[in-house]
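Trainee: Here is a sequence with its predicted model. Questions after.
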Amino acid sequence: MSVDILAIETSCDETACAVVRDGREILSNVIYTQIDMHTVFGGVVPELASRAHIDKINYVVQKALDDAGKTLEDVDAVAVTYGPGLVGALLVGVAEAKAMAWAAGKPIIGVHHIEGHISANYIEHPDLEPPYLGLIVSGGHTHLVVVEDWSKYRILGRTVDDAAGEAYDKVARAIGLGYPGGPKIDREAKKGDPNAVHFPIAHVNGSEYDFSFSGIKSAVLNYLNHAQMTGDAVDRADLAASFQKAVVDVLVEHTIRAAKNLKINRIGMAGGVASNSALRAAMQEACTREGYSLYIPSPIFCTDNAAMIGVAAYHEYMAGVRSGWDLNAVPSLRLEDR
Amino acid sequence: MKILALDSSGLVASVAIIADGILLAEYTVNYKKTHSQTLLPMLDEIARMVELDKKTIDAIAVAAGPGSFTGLRIGSATAKGLGLALQKPIIEVPTLAGIAYNLGFVKGLVCPVMDARRQQVYSGIYRFEGDRLVTVRDQTPISVTDLIAELNGMEETLTGEGVIFLGDGVPVLRSEADSTLSVPHSYAPAHLAMQRAGAVGVLACQLYAEGKYVPAEKHVPIYLRKSQAEQQRDRMKGESAGNAPAESDLISVQVEAASKVVEELRARARTEADPTGGTPDNSEFQKTEENP
């Protein structure tokens, strides 16, 4: 007997729905991205994101069912991201998912967004099973975790200020590349010299695994200000490449250190920044050197999507986890509190 | 004919089931818990109480707006989820008409008001002709002063008709109304003064009979206001246009101004913590960000 789960994800600026079989097989995966709408504002405007979610959600859910050749009657459970994320955006998905599940007589399962990202690796890597080390990097999150068992996580480190992707957005804005920063800096950096400017790697006192990215961001802004005052020309490509190197170096350094210390030889990367070409290359190089296996989802499963939520929900479902009809959106939900 | 009715537009959460002109069940809570926590458990409770067979539901009625943006979306997403699962349409009941319908058959003007913040209320003006609700002036955001001036100058009030106020905006308007409203006026008692899904549902039955309903996927809340980011962008566009810069400059000016808007909103988010978590516009202030 297979288990089919309908999953909804609306935590930020993608309205997404998927049908997932047995936590591995994607029967459908529909994503409506609002990125063009937010680009003119230079970043995601929460109220506009929420309005777009409610406008599009039924079309997205119906298409996911149709693409999978399923009706709501056919699925075994409905899953939904309930945090972390933008509260107004999360609430649309949570209310929609609960109402659908209630009307169809199906159980509802609330899923943690980061757990979804981690689980994205199960889709294309059937051999991947816990335990392994997980690095989740996106516009809103930077987490280094040990996946001890299915649905069981131990957090080693996280950012103490900006998420890695957030630093990308801010630096991209400062050097005139615009939003979204990740792909734009990645592209620009290919034309530049990563050793042109040395930016310091930030270490967090008392923690060998935590991250800090606001220091690197400030160093870039200071560099720009200084150049402006002295009238020196700034090579945008060099600056992008040097900033990117500083971010990538610290992500790789902490991950490899954790793998060595904990004697874990499998690493799974996830989140929007996991599709960054420099990070992929640097992490692959380090893993090859150390003899570790590296798992990274395809770009479509790195950015926000509902398939990953359906995968995570499957393991919760099998463990007997069910949410109540009072399931609420929790904008600052921590992985250990889920 | 069976209708599920929902209202989460303001502080009150309310659900009801109406079958063939009979109010089978109604559940109303006026408490600080978020609608996300209350609305569906309440619906589940009354559905079990009346042994509702969900497949027999003909339509979902929802108080469609105006109201708290977040509250409206919880009601709307719930209605849309029900509509999708049951493959039934949504009856969009204007929030203020729904509130006014609590006072069916009264004589004179009925003026529901909701606190819209920024020195405004959402308000409409209605009267009853028998059991039919007639809209005298449609719902709109308006300042208390302008609303009172409007009521003082209306033909109906000049000929001696009184006004009954109701809704959660009454505390915002009461002292000014008592001192400057020149026509007889009164305030509805507590059990008739707030959003009630029973009233929304009964009014919805009339709308349904008139063919006024939409497919669930097409329903969106009636916000009556643009988001603050859009309002500020519009204002800045206006300013830029006044200076008449070159076309190519204008685009970069707009983008820059718009980024500034986002920064401002986020800066404000750090200083303006919202205690209720579900009041107008607050969802715009959730994501905080450090200024570079």
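Mentor: The structure has been received and is ready for your questions. Numbering: from 1, shown residues only, chains lettered A, B, ... in the order given.
Trainee: drop to CA atoms for contacts and neighbour counts, all remaining ones
Mentor: Noted.
Trainee: mind listing the strands for chain A?
Mentor: A:4-9, A:14-21, A:25-33, A:77-83, A:108-112, A:132-137, A:142-149, A:152-158, A:266-270, A:293-295 (DSSP state E).
Trainee: Would you format these as TSV with mean pLDDT, distance to chain B and mean neighbour count included?
Mentor: Formatted as TSV, the strands of chain A follow (pLDDT from 0 to 100; distance: least, Cα to the nearest Cα, whole Å; neighbours: other Cα atoms under 10 Å in any protein chain shown):
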stretch	mean pLDDT	distance to chain B	mean neighbour count
strand A:4-9	98	12	32
strand A:14-21	98	13	28
strand A:25-33	97	15	20
strand A:77-83	98	11	29
strand A:108-112	98	12	28
strand A:132-137	97	17	25
strand A:142-149	96	15	22
strand A:152-158	94	17	18
strand A:266-270	97	22	25
strand A:293-295	98	31	18
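Trainee: was I right about residue A:215 contacting residue A:204?
Mentor: No: the pair residue A:215 and residue A:204 does not pass the contact test of Cα atoms under 8 Å, sitting 10.7 Å apart.
Trainee: which of the two has more neighbours?
Mentor: Comparing residue A:215 with residue A:204 by other Cα atoms under 10 Å in any protein chain shown, the one with more neighbours is residue A:215, at 17 against 13.
Trainee: how close does the more buried one get to chain B?
Mentor: Using Cα to the nearest Cα, to the nearest Å, residue A:215 is found at 11 Å from chain B.
Trainee: May I have the residues that are in contact with that residue?
Mentor: Applying Cα atoms under 8 Å, 6 or more residues apart in numbering or on different chains to residue A:215 gives the contacts residue A:202.
Trainee: which parts of the stretch 201-338 of chain A sit against chain B?
Mentor: A:217, A:218, A:221, A:325, A:326, A:327, A:328, A:329 (Cα under 8 Å from any Cα of the partner chain).
Trainee: Who wins on neighbours among those residues?
Mentor: Busiest of these [other Cα under 10 Å] is residue A:329, holding 28 neighbours.
Trainee: Apart from its neighbours in sequence, what residue is nearest it?
Mentor: Excluding the flanking residues, the one nearest residue A:329 by Cα to Cα, 6 or more residues apart in numbering or on different chains is residue A:82, at 4.7 Å.
Trainee: Give me the neighbour count for residue 122.
Mentor: Unless you meant another one, I'm taking chain A. 21.
Trainee: let's do chain B instead
Mentor: Neighbours of residue B:122 using other Cα under 10 Å come to 25.
Trainee: where does it land in three-state SS?
Mentor: Per DSSP: H, G, I helix; E, B strand; the rest coil, the secondary structure class of residue B:122 is strand.
Trainee: Check residue B:93 too.
Mentor: Under three-state DSSP, residue B:93 comes out as strand.
Trainee: For it, give me its contacts.
Mentor: Neighbours of residue B:93 in contact, by Cα under 8 Å, 6+ apart: B:61, B:62, B:63, B:64, B:65, B:200, B:203, B:204.
Trainee: ok, now residue A:211?
Mentor: A:142, A:157, A:158, A:159, A:160, A:161, A:202, A:203, A:204, A:250, A:251 are the contacts of residue A:211 under Cα under 8 Å, 6+ apart.
Trainee: And for the fourth one, the neighbour number?
Mentor: When neighbours are counted by other Cα under 10 Å, residue A:159 registers 20.
Trainee: low-confidence ranges in chain A?
Mentor: Within chain A, the set of residues satisfying pLDDT under 70 is empty.
Trainee: which stretches of it form helices?
Mentor: A:35-39, A:46-68, A:87-104, A:113-119, A:121-124, A:164-174, A:181-189, A:214-230, A:236-262, A:277-290, A:299-302, A:307-318 (DSSP state H).
Trainee: other SSEs contacting the fifth one?
Mentor: Looking back up the chat, that one is helix A:121-124. In this structure, helix A:121-124 packs against strand A:266-270, helix A:307-318, with contacts taken as 3 or more Cα pairs under 8 Å, 6 or more residues apart in numbering or on different chains; DSSP states H and E.
Trainee: what residues does it touch?
Mentor: A:23-26, A:128-129, A:268-270, A:295-297, A:308, A:311.
Trainee: The residues you listed into JSON lines, with extra columns for distance to residue A:246?
Mentor: Formatted as JSON lines, the contacts of helix A:121-124 follow (distance: Cα to Cα, whole Å):
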{"residue": "A:23", "distance to residue A:246": "36"}
{"residue": "A:24", "distance to residue A:246": "35"}
{"residue": "A:25", "distance to residue A:246": "37"}
{"residue": "A:26", "distance to residue A:246": "36"}
{"residue": "A:128", "distance to residue A:246": "30"}
{"residue": "A:129", "distance to residue A:246": "31"}
{"residue": "A:268", "distance to residue A:246": "21"}
{"residue": "A:269", "distance to residue A:246": "18"}
{"residue": "A:270", "distance to residue A:246": "19"}
{"residue": "A:295", "distance to residue A:246": "22"}
{"residue": "A:296", "distance to residue A:246": "21"}
{"residue": "A:297", "distance to residue A:246": "23"}
{"residue": "A:308", "distance to residue A:246": "29"}
{"residue": "A:311", "distance to residue A:246": "33"}
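Trainee: and of these, the nearest to residue B:92?
Mentor: residue A:308 (34.2 Å; Cα to Cα).
Trainee: ok, that closest one to residue A:187 distance?
Mentor: 26 Å (Cα to Cα, to the nearest Å).
Trainee: With residue B:119 instead?
Mentor: As for residue B:119, its distance to residue A:187 is 48 Å (criterion: Cα to Cα).
Trainee: between these two, who's got more neighbours?
Mentor: Here residue B:119 and residue A:187 are set side by side on neighbour count (other Cα under 10 Å), and the busier one is residue A:187, at 17 against 13.
Trainee: contacting residues for the closest residue to chain B within the stretch 201-338 of chain A?
Mentor: Closest contact between the stretch 201-338 of chain A and chain B, by Cα to the nearest Cα, is at residue A:326 (4.2 Å). If you count contacts by Cα under 8 Å, 6+ apart, residue A:326 has them with B:36, B:37, B:38, B:40, B:41.
Trainee: redo that, cut-off 6 Å
Mentor: Contacts for residue A:326 were tallied using Cα atoms under 6 Å, 6 or more residues apart in numbering or on different chains; they are residue B:37.
Trainee: Need phi/psi at it.
Mentor: Dihedral pair for residue A:326: phi -90, psi 10, per degrees, to the nearest 10.
Trainee: repeat for residue B:160
Mentor: phi 100, psi 0.
Trainee: Next, count neighbours for it.
Mentor: With other Cα under 10 Å as criterion, residue B:160 counts 11.
Trainee: Chain neighbours aside, what residue packs nearest to it?
Mentor: Using Cα to Cα, 6+ apart, the closest residue to residue B:160 is residue B:183 (7.3 Å).
Trainee: same question, residue A:181
Mentor: Per Cα to Cα, 6+ apart, closest to residue A:181 is residue A:169, 4.0 Å.
Trainee: That neighbour - how many residues pack around it?
Mentor: 24.
Trainee: do residue A:170 as well
Mentor: 28.
Trainee: Okay, it and residue A:220: tell me how far apart.
Mentor: From residue A:170 over to residue A:220 (counting by Cα to Cα), the distance is 10 Å.
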